[in-house]
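Peer 1: My questions concern the predicted model and sequence given below.
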There are 6 protein chains.
Amino acid sequence: MQLSLCTWAEVEAYLARADAIIVPIGSTEQHGPNGLIGTDAICAEAVARGVGAETGALVGPVMSIGMAQHHLAFPGSITLRPSTLIAFVSDYVFSLARHGFRRFMFINGHGGNIAPLSAAFSELYATASLDPSGSVPRLRCTLRNWFDGPEIGRLSRQFYGDKDGSHATASEVALTQFLHPDAIKRVEMPAVTPTRRRFTDALDLRALHPDGRIGSEPSLATPEHGKALYEAAVRECSTAWRSFVQEA
Amino acid sequence: MQLSLCTWAEVEAYLARADAIIVPIGSTEQHGPNGLIGTDAICAEAVARGVGAETGALVGPVMSIGMAQHHLAFPGSITLRPSTLIAFVSDYVFSLARHGFRRFMFINGHGGNIAPLSAAFSELYATASLDPSGSVPRLRCTLRNWFDGPEIGRLSRQFYGDKDGSHATASEVALTQFLHPDAIKRVEMPAVTPTRRRFTDALDLRALHPDGRIGSEPSLATPEHGKALYEAAVRECSTAWRSFVQEA
Amino acid sequence: MQLSLCTWAEVEAYLARADAIIVPIGSTEQHGPNGLIGTDAICAEAVARGVGAETGALVGPVMSIGMAQHHLAFPGSITLRPSTLIAFVSDYVFSLARHGFRRFMFINGHGGNIAPLSAAFSELYATASLDPSGSVPRLRCTLRNWFDGPEIGRLSRQFYGDKDGSHATASEVALTQFLHPDAIKRVEMPAVTPTRRRFTDALDLRALHPDGRIGSEPSLATPEHGKALYEAAVRECSTAWRSFVQEA
Amino acid sequence: MQLSLCTWAEVEAYLARADAIIVPIGSTEQHGPNGLIGTDAICAEAVARGVGAETGALVGPVMSIGMAQHHLAFPGSITLRPSTLIAFVSDYVFSLARHGFRRFMFINGHGGNIAPLSAAFSELYATASLDPSGSVPRLRCTLRNWFDGPEIGRLSRQFYGDKDGSHATASEVALTQFLHPDAIKRVEMPAVTPTRRRFTDALDLRALHPDGRIGSEPSLATPEHGKALYEAAVRECSTAWRSFVQEA
Amino acid sequence: MQLSLCTWAEVEAYLARADAIIVPIGSTEQHGPNGLIGTDAICAEAVARGVGAETGALVGPVMSIGMAQHHLAFPGSITLRPSTLIAFVSDYVFSLARHGFRRFMFINGHGGNIAPLSAAFSELYATASLDPSGSVPRLRCTLRNWFDGPEIGRLSRQFYGDKDGSHATASEVALTQFLHPDAIKRVEMPAVTPTRRRFTDALDLRALHPDGRIGSEPSLATPEHGKALYEAAVRECSTAWRSFVQEA
Amino acid sequence: MQLSLCTWAEVEAYLARADAIIVPIGSTEQHGPNGLIGTDAICAEAVARGVGAETGALVGPVMSIGMAQHHLAFPGSITLRPSTLIAFVSDYVFSLARHGFRRFMFINGHGGNIAPLSAAFSELYATASLDPSGSVPRLRCTLRNWFDGPEIGRLSRQFYGDKDGSHATASEVALTQFLHPDAIKRVEMPAVTPTRRRFTDALDLRALHPDGRIGSEPSLATPEHGKALYEAAVRECSTAWRSFVQEA
């Protein structure tokens, strides 16, 4: 159930029986030689909608732009500064809180979002925590990476061994190939070199990782892998969602 | 050509021949009894992609959340405060400017975005205008409402006479019916009452317009109207795009 | 009745019978070869005070600095960034709201203020709209350009035909000549060239409009025109004010 | 020489021989039973213009709204939060710095502005101080209270002994009576009570000073006093200005 | 070598041979029945100074206040909102960058700082990443928790088995007992209850963890444990520091 | 009684009998040839703790970083921009206000903090002053420089005559020598030159004061002077504290 395809009366009816919503969050950033710039948003949105279909959860609009300052040396990458991301998430969440939403599960497709999104949750909570009157709505936010979870881990190792990497992973490229078979890119690429150290800013990342991959061999990706990964992610995130909404 | 479906190398190639990009911007807000909450984002994104297909323009990710404070008394509506919208647009544009993009056409689906988006352009320009060294990139931003233009105007009058209204319009509902035939809502609704005065905040808008429509009869919308409107919008916005990129 | 010339007890007495106030807003920016840098503030303040005299409205201090980033390539121009203007208007309005003011008519003298001022209104309203408790004061803000209205339009056409232009207009120069006869500047200027396209930042505006005029022939201005325009503006804005305060 | 009454070409000519400007800054706040709400802005602007007339200094538009949170329990008082005042002053100064202005003397009429204005100067300077490249313009800002200086002090003691007070002073009321003889208010008021301690917020100030005066007997003010005080202030501030612009 | 105890000339000499600095960061927040409110700052500062003594590293002033919104339902806890923490870290780092510092190791004593501090690093890096000219200094920031590392892990298990917990841990209490033997608190406390779920805001944390401990038995702490933990932390962080400064 | 060395239960007990707290605030900035970079924080913290020992006052963690933009041309100096300082102080104070603290005495060691700290107080108070409901906690903040007061003045004149200066004073250097006898620096320095005018930004201060002293001869400082000054400061600030907490 997508928020975008509901009328307000349908949302009102949903709120009569539920107070939780899924917010997909991705990024718009380079994903190596054959990965799509929209990979993280595409994956997060698809998995979130899958969870919505499976569990009846309402799914809000995807946050397509995330925190990707480190990819800005590659054309097409877009970042929110962390302070902007915090303001954006605050407005998104407090708007929905006004209607009665109280629980927010962010299904995330991008490692770089984890810290600023957690910081955004703290900023939100701080509004209540600093208010001695207790009149601020009490919210519960959680972040779930679609790519975490044991089943995804097993598939990754089965398909790619130690070559899935940490950015422009074979897994996420496979997932987008399943979702956008018309946008599969055939690109020759050399074996990836091992990661020497953690990157810092955009020029540094590009110096360390000249074609944008970090430890990955996304040429191994196939749409069939993507289908298996997608289904596993939906299963695992659906389980997480069911726990979240029942949490005391 | 969607930015999300490109690799970074494809964007690099695009930048070798062009420095302009389309950014669709919509909103997530109530659209009356039978309109979708995502109407403005859906329409802006579809028209932008249509222009991309027609002209070869690159199309960035849609800004699904706009400035919609006035709709917050209806469940499901989400707003960015104007100051957040300004920060968001700044990050979006300056990220792309770093890669060499210089011209930005925002294809807009929501009247409430016009003022804050124009303010965002001024905020961007001010960075250059306040810089005596002239080292800040010189950008050109423009806003184009898909629903403006003579052909759209003619179709609106032909289909709906004076009943298209100014929010939850029959035109935009028709456009979403064409794009999402599976999400057409059949809802009885009374004749709309005339608008007494301009609304202010969310409670005021709901008091003046109890079911969310402003002067419109969206029950008149059909997917066939939507198709005609879509094609006209793509034609008119494509013409605007071609002028914009050739502007001296 | 000027706020600046009242005691607090007189304001208290005013609030016992009224909850509305006029705020003049102008700009400090180049106005072509013979226009005063303070033109927009001078005109807005004078018209606002005229309305105050005519209707008994209380008139707050003029906001002399507006959003004028596009004029910064001409010496003497000063801008607020839109985000600063929003903060300034918020403080101005919320201060007065604390005393019981609820309706604010901004009499505006500068086109460049329209978008950021509208954005400021939305920022203000959003405070109430995001607050589910409904405890934030409910405000009503409106923007009225002194230069809009049918009578002004007729006079402009009668005096200047199609040569009034859109910046450093003959009308506004005339109005300042009426108000400041001691500051009438005699400057030779060539016929203005037609506007090719919309300007962006400050260097761009100056490149397009080398002496600062946009489509205007302010050498046609006379103090007598100014007097007629002033009186028309006061009449039209007084009518607007009376409607505004009676609005249900 | 008022900036508002110049053309941009006149400012350009001024900048060929000078790089300094005066900025009057006041406040809009209660000034006791017979003081005008605009007192601080009126005095600062008048003295600044007097200095301009005497020395040829250019005088920018008055900042009519200052930091007056402590007066908000009296109707008509308006405050900028210090953070807004800092943003406002930054925009004002950096706009003029772009044209070549380098020295800024703020002629101030309100004690409550001293700390936030000094903080604003530090915020401005910090831009240069944090910039290792040294490319940020090097500015010099100074604050001058019109009511400081030995001659003013002598007149105050001569006219009012120890009854001039620290807010709604007899001196400033006298100055406004000289400037606005049409707005002299005749109000009975009891002898003022001694100040017990420093106020904090608005309710606290009103509890300590129920009619808004702090230690003053403004009923002693006369327009003749005002004239003497005005002339002394212009003399003393003119001397300060001449030193400032010649400072190595 | 503590920055606070150097003269500026000594820092200048240090910069001639090094460009790295340690910044201790802690928090001021409840630490259960017998833990000190300053625990996190005390531990981080002591370990950082130990590393400074061991390696010759310069150590900046401790950030005593961290992100602790979740502890605000217990008296004495102080938080920075994440957005404030980002601004604070930016000023701290950019000040030192102006002098030539390029590498910053934050030795951290508080889990709640990890996300906002990482977000702060991204905010810093984004300044460079968004700057196409490459003129912004290129910085390298890293975060090191003193309580991470294999040796600390072994000691924790040896001393406390599975009772070290995740907040108000026996380890950190022991460390403060070693550092402040005069401030050892003897408090009876019941066995801690297992953690049911992740806390959100301050009231929620207190409801889940009524005496402030999370999964810990800090009554087991002794100063002798603290000494061993301190020495291990200094060793492990010194190793991390040596790698960091040599990193290519 | 140091907040850092208390448990939360001890703070709770303190709040049952008191609602006031001391916050030491210093700076991290060059202090001339033989002064410590941490001088201002060291002095403020030591005096504050002395007052705590003398009066039973609770003392919060020192703010080690202050507003020191003007010292940034000397290595090791760190500044908060005034806007950051305002945000930091707000979070610090509002956190404690949530627990019931209502009175805050800032014991200050740095002249450059006076304006931004006063501005921070106004920003805090403005929250209450702009709130017509009166539900914001009513706070009382005061700033006390340890180096003000008649006894300190007498000692300064007795020890140094007119050579104490205004920055890197002999007094403060003496105080740190008493507190850190292990960090006494022996540095030859020429007689200081008289101050020509007030500094502005960092490069300006260094040009005017090449070794960082302003009018001072800190080579005259001795630890014995420091002891006498420390004791006088504790006495005078203790008296001020006792008045503050009893103030009606």
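Peer 2: Looks like it arrived, so ask away. Numbers count the residues shown, from 1 in each chain, chains lettered A, B, ... in the order given.

Peer 1: Near the residue of chain A found nearest chain C, how many other residues are there?
Peer 2: Residue of chain A nearest chain C, by CB to the nearest CB: A:R98 (4.9 Å). Placement of C-beta: from N, CA and C, glycine included. A:R98: 21 surrounding residues under other CB atoms under 10 Å in any protein chain shown.

Peer 1: Which residue, neighbours along the chain excluded, lies closest to it?
Peer 2: C:P132 (4.9 Å; CB to CB, 6 or more residues apart in numbering or on different chains).

Peer 1: Would you mind listing what in chain A touches chain C?
Peer 2: A:F94, A:S95, A:A97, A:R98, A:S135, A:P137 (CB under 8 Å from any CB of the partner chain).

Peer 1: Whichever of those residues end up buried, select them in PyMOL.
Peer 2: Of the residues of chain A next to chain C, the buried ones go into a single PyMOL selection, burial set by 16 or more other CB atoms under 10 Å in any protein chain shown:
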select buried, chain A and resi 94+95+97+98+137
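
Peer 1: low-confidence ranges in chain A?
Peer 2: Judged against pLDDT under 70, chain A has no low-scoring part.

Peer 1: Tell me where it has strands.
Peer 2: Here chain A has its strands, by DSSP state E, at A:20-25, A:103-108, A:140-145.

Peer 1: packing partners for the first one?
Peer 2: In this structure, strand A:20-25 makes packing contacts with helix A:39-55, strand A:103-108, helix A:223-246, judged by 3 or more CB pairs under 8 Å, 6 or more residues apart in numbering or on different chains; DSSP states H and E.

Peer 1: For A:A240, give me its contacts.
Peer 2: Contact analysis of A:A240 by CB atoms under 8 Å, 6 or more residues apart in numbering or on different chains lists A:M105, A:R144, A:G149.

Peer 1: surely the second one meets A:I107?
Peer 2: Yes: with contacts defined as CB atoms under 8 Å, A:R144 counts as touching A:I107 at a distance of 5.4 Å.

Peer 1: Mutual contacts of these two, please.
Peer 2: Common neighbours of A:R144 and A:I107, using CB under 8 Å, 6+ apart, are A:C237.

Peer 1: Neighbour count for these two, which is higher?
Peer 2: Neighbour count, other CB under 10 Å: between A:R144 and A:I107, A:I107 has more, with 32 against 22.

Peer 1: Kindly provide the distance from that one to E:G32.
Peer 2: 34 Å (CB to CB, to the nearest Å).

Peer 1: Same check on A:K185?
Peer 2: In this view, A:K185 and E:G32 are 55 Å apart by CB to CB.

Peer 1: Could you do A:V245 as well?
Peer 2: A:V245 is 31 Å from E:G32, by CB to CB.

Peer 1: Correct me if wrong: A:F178 contacts A:K227.
Peer 2: Yes: using CB under 8 Å, A:F178 is in contact with A:K227, at 4.7 Å.

Peer 1: So between these two, which is more surrounded?
Peer 2: The neighbour comparison of A:F178 against A:K227 (other CB under 10 Å) goes to A:F178, with 22 against 15.

Peer 1: Can you tell me the closest non-neighbouring residue to that one?
Peer 2: Looking at A:F178 with CB to CB, 6+ apart, the closest residue is A:G226, at 2.9 Å.

Peer 1: Isn't that neighbour up against A:L179?
Peer 2: Yes: assessed by CB under 8 Å, A:G226 is found in contact with A:L179 at 6.9 Å.

Peer 1: These two: which is more packed in?
Peer 2: Set A:G226 next to A:L179 and count neighbours by other CB under 10 Å: A:G226 wins out with 26 against 19.

Peer 1: just to revisit the earlier point, tell me who's in contact with the residue nearest to A:R98.
Peer 2: A:A97, A:R98, A:P137.

Peer 1: pretty sure the second one is touching C:T127, no?
Peer 2: The one in question is A:R98. No: A:R98 lies out of contact with C:T127 (CB under 8 Å); the separation is 12.0 Å.

Peer 1: Distance check, the residue nearest to A:R98 against chain F.
Peer 2: 16 Å (CB to the nearest CB, to the nearest Å).

Peer 1: Same question for A:G32.
Peer 2: Taken as CB to the nearest CB, the span from A:G32 to chain F is 38 Å.

Peer 1: Now do the same contact list for A:R242.
Peer 2: A:T55 are the contacts of A:R242 under CB under 8 Å, 6+ apart.

Peer 1: For A:E236, see how far away it is.
Peer 2: 11 Å.

Peer 1: ok, now A:M189?
Peer 2: In terms of CB to CB, A:M189 sits 30 Å off from A:E236.

Peer 1: Give me the more crowded residue out of these two.
Peer 2: A:E236 (21 against 16).

Peer 1: Which residues of chain A lie near chain F?
Peer 2: Going by CB under 8 Å from any CB, the residues of chain A near chain F are A:S129, A:L130, A:D131, A:P132, A:S133.

Peer 1: number of nearby residues for the third one?
Peer 2: Here the neighbour count serves as a burial measure; for A:D131 (other CB under 10 Å) it reads 17.

Peer 1: can you check the last one too?
Peer 2: If you count neighbours by other CB under 10 Å, A:S133 ends up with 10.

Peer 1: Could you pull out the helices in chain A for me?
Peer 2: A:8-17, A:39-55, A:82-99, A:114-129, A:150-160, A:170-179, A:202-208, A:223-246 (DSSP state H).

Peer 1: of all these, which lies closest to E:S64?
Peer 2: Closest of the helices of chain A to E:S64 is helix A:114-129, at 18.0 Å (criterion: CB to CB).

Peer 1: so does that closest one get close to chain E?
Peer 2: Yes: judged by CB under 8 Å from any CB, helix A:114-129 comes into contact with chain E through A:114-116, A:118-123, A:125-126, A:128-129.

Peer 1: Give the other helices and strands that that helix contacts.
Peer 2: Using 3+ CB pairs under 8 Å, 6+ apart, helix A:114-129 sits against helix A:82-99, strand A:103-108, strand A:140-145, helix E:82-99, helix E:114-129, helix E:202-208.

Peer 1: same thing but 6 Å
Peer 2: When contacts are defined as 3 or more CB pairs under 6 Å, 6 or more residues apart in numbering or on different chains; DSSP states H and E, helix A:114-129 packs onto helix A:82-99, helix E:82-99, helix E:114-129.
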